[in-house]
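Participant: Predicted model, plus sequence, below.
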Amino acid sequence: MPNRLAESPSLYLRQHANNPVDWYPWGEEAFTAAREQNKPLLVSVGYSACHWCHVMAHECFENAGIARLMNQHFICIKVDREEHPDVDQIYMEAVQMITQRGGWPLNAFCLPDGRPFFGGTYFPPEDRGHGIVPWPQLLMRVSDYYHKNRDELEENADNILKNMAEGNKPIGATGEDLEGQHLITAAEGICTQHDDEWGGFGEAPKFPPSMTLDFLMAVRGSAACESKPTLAQRIDQVTQMTLKGMAHGGLFDQVGGGFSRYSVDKLWLIPHFEKMLYDNGLLLDAYAKGWQRYGDPMYRAVAEETVAWLEREMRSPEGAWRAALDADSEGEEGKYYVWKPEDIQTILGEEDGTTFCDAYNITEKGNFEHGTTNPAFVYDSFEKRQSLEPLRRKVLAARQQRVAPGLDEKILLSWNSLVVRGLTNAGFAFGEKAWVERAREVADWLWDTFASEDADGYTRLQAVYYSGEGARYDGRLDDYAWFAEALLTLCGKVDWIEPGASKVYLDRATALVNTIQERFADPNMPGCFFTADDQTDLVTRKKTWFDNATPAGNSAMVQVYAALYALTGAGDYEAQLQALRPAYTGIAERAPSAAAHALSGFTHNAVGIPVIKIKGAQDLDALRAAISARPWRPVYLQVTDDAAQPDGFQLCVATQCLAPTTNIPELAENL
């Protein structure tokens, strides 16, 4: 018989609807039951595309005997982390504090009021000799300890919350302001961690370092870096090797476009095959900026194929993009994406099949499970890759006849905002007006769907949308900050396709920042909380200072304040930006890649963010081409009919403006 999750719109929760576990969704009903029955809570967090979540579900949560133990001794809550990143954040930090590691599935044991006292990630159903306590044994140990040592667990939970509160303070903050030299030193430190053989940073597993590349390219565009030839050359080497490694490897879907979540090896060869919307929005942005600086045609091809994948496989009937594709199909990870030589020969014939297999290293031995191969492009020649495009189309058409991975159809405001930002920058860089139009279309739909005005006149956001169900769940800082950043990016480019349209997006971003300052800001310390001051279902309020696979909300606020100050000259935005500087000094010194998105925002502000004010009949296509022919930096176009504004193009940085000109090459040179 289905449990309480059967009616949930969440795909992840519905995946557990037929478990014999008596699951509750996140909410007061579960907390009331825990208090009334004097049982500890088990909060189990995952997401629909998570391979190991599926493994633990099959091994443990579908096992009737194990489910009886869970039901007898715990009130069990199943959480979709994409619906409730606020819940995931708290219990992930607690588990990392307890075990020194984290991941999904995430299983946290809590007191009836939700305070965590123990937890972990994946647990097997029996002892497999890997040093991991079997799930049934752990359940009995925790339950027994709860009833015999409740006072000790209360103390442990209180200490965990105290440590979490301490974590709201920026790491290593000394009160010293972040200065330009800190940014240069941070870039130098990041470059020392680069894998000079395969690209990327560190050992396996390797995650796409989108924000880190963005920061390095921001520093590369500074006069301070130009004066340090060794650093400039090193950044060029690091950035290009990493972009190439990801583009040629198996992290990128060589047949259908788009990126998987991470590589399990340091070669970028075998991914964890789930495809997440957020990675692709961030990488679309990175490859567009990389193309503007280095001009590698492979970067443009990667961007074009990523956009094609987004539109082909992720577009919803409403026009926005859906959340994720599963790693598994037909119960096997990666089955949809891997090949044997005979598969390719059947599709392409002997001669073309051999050519394709040689180019993508598809061999009899294989590089994945069961003698299959995940394709990776082995040639340096871009022309060679282009010549294979007709063959790739045939292979893709054949792949589309396979059983596809599961698609999580929820629409997340935050992740869509990352794609709007990336698609806007890519459309402008590559001269693709249709991409900027598409980004604008989605941004407008997101605003109409997720934003509303509260009784006090503030714009409030919802976070998650399901077709037929509407938007739900109060927005968190990421929703506000990433959407504001996307709107400001669109504000800077939309006048290229519709002169004068930028004001709409500036006004919307300003409205979101007003809400952030009212509902999320900490009146006593730098930074904003992840949740609004009127959200009451959590045991604590947290701040995020570190980027993870996505930018931290406070990192995005650095970018937002820098852009708003450039666009408006308002002192309040400059003051907010300055107030955040001391929070990042220690991070820049100790772990710069962990806050790379914030550091790139400070770098843009230090270099100066150009605003080009435009009046009269001007050639905007020629202006766009001239800007995109230069290495990337944030540039905002503002078409105006203000009587006080002179005709032509006027380049302004902060409070300083050059004389108006109609000479586009001269203007571009001044950038």
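Facilitator: The structure has been received and is ready for your questions. Predicted, not measured: the structure shown is a model, and the values here were computed from it.
Participant: number of nearby residues for the closest residue to residue 271 other than its chain neighbours?
Facilitator: Computed as Cβ to Cβ, 6 or more residues apart in numbering, the closest residue to residue 271 that is not its neighbour in sequence is residue 260, at 3.4 Å. Where C-beta positions appear, they are placed from N, C-alpha and C, glycine not excepted. Using other Cβ atoms under 10 Å, residue 260 has 25 neighbouring residues.
Participant: So which residues of the stretch 301-450 of the chain form strands?
Facilitator: Remark: strands of the stretch 301-450 of the chain, listed N- to C-terminal, are 324-325, 328-329, 332-333, 407-408, 411-412; assignment by DSSP state E, counting those that start in this stretch.
Participant: List the contacts of residue 145.
Facilitator: Each residue near residue 145 by Cβ atoms under 8 Å, 6 or more residues apart in numbering is listed here: 152, 153.
Participant: Identify the residue nearest the geometric centre of the protein.
Facilitator: residue 550 (3.2 Å; Cα atoms, centre = their mean).
Participant: what's the closest non-adjacent residue to it?
Facilitator: Spatially, and ignoring its direct neighbours in sequence, residue 550 is nearest to residue 278 (5.2 Å; Cβ to Cβ, 6+ apart).
Participant: Just to be sure, the one you found is in a helix?
Facilitator: Yes: under DSSP: H, G, I helix; E, B strand; the rest coil, residue 278 sits within a helix.
Participant: so how many other residues sit close to it?
Facilitator: Using other Cβ under 10 Å, the number of residues around residue 278 comes to 25.
Participant: Over to the one 10 residues further on?
Facilitator: Applying other Cβ under 10 Å, we find 26 residues neighbouring residue 288.
Participant: Find the nearest non-adjacent residue to it, please.
Facilitator: Distances taken as Cβ to Cβ, 6+ apart put residue 426 closest to residue 288, at 3.8 Å, once the chain neighbours are dropped.
Participant: confidence score at the one you found?
Facilitator: What the model reports for residue 426 is a pLDDT of 98.
Participant: unless I'm mixing things up, it is touching residue 284, no?
Facilitator: Yes: contact status for residue 426 versus residue 284: in contact at 5.3 Å, counting by Cβ atoms under 8 Å.
Participant: Overlap in contacts, these two.
Facilitator: The contact sets of residue 426 and residue 284 overlap at 303, 307 (Cβ under 8 Å, 6+ apart).
Participant: For the residue nearest to the centre of the chain, give me phi and psi.
Facilitator: When read as degrees, to the nearest 10, the backbone of residue 550 gives phi -130, psi 160.
Participant: same question, residue 74
Facilitator: Comment: the main-chain dihedrals of residue 74 come out as phi -140, psi 160, following degrees, to the nearest 10.
Participant: And for the closest residue to it other than its chain neighbours, the neighbour number?
Facilitator: Beyond its immediate neighbours in the sequence, the residue positioned closest to residue 74 (Cβ to Cβ, 6+ apart) is residue 42, lying 4.3 Å away. Using other Cβ under 10 Å, residue 42 is surrounded by 25 other residues.
Participant: and residue 42, which of the three is it?
Facilitator: Local secondary structure at residue 42 is given as strand here, using three-state DSSP.
Participant: can you pull the pLDDT of it?
Facilitator: With respect to pLDDT, residue 42 scores 98.
Participant: residue contacts, it?
Facilitator: Counting by Cβ under 8 Å, 6+ apart, residue 42 has contacts 70, 74, 75, 76, 77, 107, 108, 109, 110.
Participant: try it again with 10 Å
Facilitator: Taking Cβ atoms under 10 Å, 6 or more residues apart in numbering as the criterion, residue 42 is in contact with 21, 23-24, 30, 34, 70, 73-78, 107-110, 119, 139, 142-143.
Participant: got it, and residue 559?
Facilitator: Listed by Cβ under 10 Å, 6+ apart, the contact set of residue 559 reads 214, 421, 481-482, 484-485, 488-489, 551, 577, 597-598, 600-602, 604-605, 634.
Participant: Out of these, which sit inside helices?
Facilitator: Assignment to helices by DSSP state H places the following of the contacts of residue 559 there: 214, 421, 481-482, 484-485, 488-489, 577, 597-598, 600-602, 604-605.
Participant: Give me the buried subset of those residues.
Facilitator: Burial by neighbour count, judged by 16 or more other Cβ atoms under 10 Å, picks out 214, 421, 481-482, 484-485, 488-489, 577, 597-598, 600-602, 604-605 from these.
Participant: Closest one of these to residue 638?
Facilitator: The shortest approach to residue 638 among these belongs to residue 488, at 12.0 Å (Cβ to Cβ).
Participant: shouldn't that closest one be in contact with residue 557?
Facilitator: No: taking Cβ atoms under 10 Å as the definition, residue 488 is not a contact partner of residue 557, at 11.6 Å.
Participant: got any residues that touch both of the two?
Facilitator: Common neighbours of residue 488 and residue 557, counting by Cβ under 10 Å, 6+ apart, are residue 513.
Participant: and residue 29, which of the three is it?
Facilitator: At residue 29 the chain is in helix, as set by three-state DSSP.
Participant: ok, it - how many residues close by?
Facilitator: Residue 29 is surrounded by 13 other residues when neighbours are defined as other Cβ under 10 Å.
Participant: so what's residue 526 up against?
Facilitator: 169-170, 173, 543, 545, 554, 576, 579-584.
Participant: out of the residues you listed, who has the most neighbours?
Facilitator: Neighbour count (other Cβ under 10 Å) singles out residue 584 as the most crowded of those, with 30 neighbours.
Participant: what helices or strands is the helix or strand containing it leaning on?
Facilitator: With the criterion set as DSSP states H and E, the secondary-structure element containing residue 584 is helix 571-590. Counting contacts by 3 or more Cβ pairs under 10 Å, 6 or more residues apart in numbering; DSSP states H and E, helix 571-590 is packed against helix 180-192, helix 502-519, helix 553-568, helix 596-607.
Participant: how much does the second one deviate in direction from helix 553-568?
Facilitator: Looking back up the chat, that one is helix 502-519. Using axes from the mean of the first three to the mean of the last three Cα atoms, to 10 degrees, the direction of helix 502-519 lies 130 degrees away from that of helix 553-568.
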